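Trainee: Provided below for reference: sequence and predicted model.
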Amino acid sequence: MAFANPQSQRASSSSSSISIRGWNYDVFLSFLGEDTRHNFTDHLYRTLNRKWIRAFRDDEELPREEIAAKLLKAIEESRICLIIMSENYARSRWCLEELTKIMDCRGANGKISFFDFLPRGTSACARTDSEFWRSFGRS
């Protein structure tokens, strides 16, 4: 059985890369926009793309009704899902829906999920009695 060169796969069109690799994006970024969109997530997204790692993040320009379907499809089409847990992530109903979809897809077609707790929120994430964890109970 022959294996295709990953570099040559990257050069193929998105429709054929889905059929060959099973994903259209290398990384899906799940984050709460108001917490990290214009700082950490923006820097991460740009860095990944500069390194030829195709990352997906939501597009502020899309009409609200189109965002949900596009995000859920992008989760399915991503090799890796990176969940960027910020202080208010668990307060967002939509972030929790994304997280549910990511967990449902975990392991499917070789999908990998990683969690990243932002430095400012680390202590809140570590303490189970913190507002961060109480937010999960309210959602």
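Mentor: Structure received. From a predicted model like this one, the values you see are computed outputs, not experimental measurements.
Trainee: which residues of this structure score low on pLDDT?
Mentor: By pLDDT under 70, the low-scoring segments of the chain are 1-22, 60-62, 109-110, 118-139.
Trainee: strands paired with the longest strand along the chain, and their directions?
Mentor: If you go by DSSP state E, the chain has its longest strand at strand 78-85. Paired with strand 78-85 in the same sheet, following DSSP bridges, are strand 25-30 (parallel), strand 112-117 (parallel).
Trainee: Could you export the ones you listed as CSV, including distance to Arg79 and mean neighbour count?
Mentor: C-beta coordinates here come from the backbone N, C-alpha and C atoms, glycine included. Formatted as CSV, those follow (distance: least, CB to CB, whole Å; neighbours: other CB atoms under 10 Å):
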stretch, distance to Arg79, mean neighbour count
strand 25-30, 5, 23
strand 112-117, 7, 14
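Trainee: quick one, helices of this structure?
Mentor: Secondary structure of the chain, counting by DSSP state H: helices at 6-11, 14-21, 33-36, 40-50, 64-76, 93-105, 122-126, 131-138.
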